[in-house]
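[1] Pasted the sequence and its predicted model underneath.
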Amino acid sequence: MSEKTVLKKKKIKTILVSQPEPTSENSPYIALAENEKVKIDFRPFIHVEGATARDIRKQKINLPEYNAIIFTSRNAVDHFFRLAEEMRYTVPNTMRYYCQSEAIALYLQRYIVYRKRKISYGNKTIKDLANIISKNPDGKFLLPSSDKLKPEIPKALNEIGIDWKSATFFKTCISDLSDLKDVYYDILVFYSPSGIESLYHNFPDFKQNDTRIAVYGKSTIQAAKDKGLRIDIMAPTPETPSMTMALQKYIREANKGK
């Protein structure tokens, strides 16, 4: 009998998700906890720290030089407009915005009058967004990003031959988890390689033992494998496109008849 099969016979009672607690009452995690009678806690394993105006100047970024902004996350939106204000730069109404997803594009409404701006968005992938940008490649593009830029992003933008530059507007930092040292959860849920990194930074001697590991996305799966972790639950898959669906499937099999 495999180790995974043995573990599936052990009832799931507690789950720790390495992200901030959802603010929406419609979060699928709330429904999961209620439907499956499990306790779900949330704790960010990483946090974001914004760059300063001095940091931006050190990167030789002069905001008025750019007439198009590429956003790949909501954090990038927040920190671009924060720093623009800090640097006393009034973003012109003629600025073009290219967002990786519709959700990011709609998030811009926090800072601009949406209907009066030139906004384009892709279907969640950087390749799709690059195809859209390639139809209007003139100008100078700025990509506000974290200090950990995914390699596929510069690759996609370089392939379409635009004049662009990335700059670190915020950093992904490891959170202090020392208070969790003696706390046990049946399942740990990770959404990014940085979460895996944080786990081992806080607990260098971490032993998985009976703890089930749930991971979302190819890069997170690879990070878990690189650390020698046993992956018990993964998403997205054709059968379980979301993490909550994957967790529900696993919990029902593990808790069946118990």
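    Okay, I see it.
[2] ok, now how distant is the residue nearest to residue 123 when sequence neighbours are not counted from residue 193?
    In space, and not counting its chain neighbours, residue 123 is closest to residue 101: 7.3 Å by C-beta to C-beta, 6 or more residues apart in numbering. (Glycine included, C-beta is placed from N, CA and C.) Distance, residue 101 to residue 193, by C-beta to C-beta, to the nearest Å: 20 Å.
[3] Also residue 216?
    Distance of residue 216 to residue 193, computed by C-beta to C-beta: 11 Å.
[4] what do you get for residue 162?
    From residue 162 across to residue 193, the span is 28 Å (C-beta to C-beta).
[5] One more: residue 175?
    Distance of residue 175 to residue 193, computed by C-beta to C-beta: 15 Å.
[6] counting residues per strand, which one in this protein is longest?
    Longest strand in the chain, counting residues (DSSP state E): strand 163-174.
[7] contacts for stretch 105-115?
    The contact list for stretch 105-115 (C-beta atoms under 8 Å, 6 or more residues apart in numbering) reads 71, 74, 77, 81, 91, 97, 99, 117, 119, 120, 121.
[8] helices or strands next to the one helix or strand the third one maps to in the packing?
    In this case it means residue 77. Assigned by DSSP states H and E, residue 77 belongs to helix 74-86. Applying 3 or more C-beta pairs under 8 Å, 6 or more residues apart in numbering; DSSP states H and E, we find helix 74-86 packed against strand 46-50, helix 53-58, strand 68-71, helix 102-107, strand 140-146, strand 163-174.
[9] returning to that earlier point: give me the neighbour count for the residue nearest to residue 123.
    The number of residues packed near residue 101 is 19, by other C-beta atoms under 10 Å.
[10] can you offset everything so residue one is 34?
    Noted, 34 is the first residue going forward, which turns the last one into residue 134.
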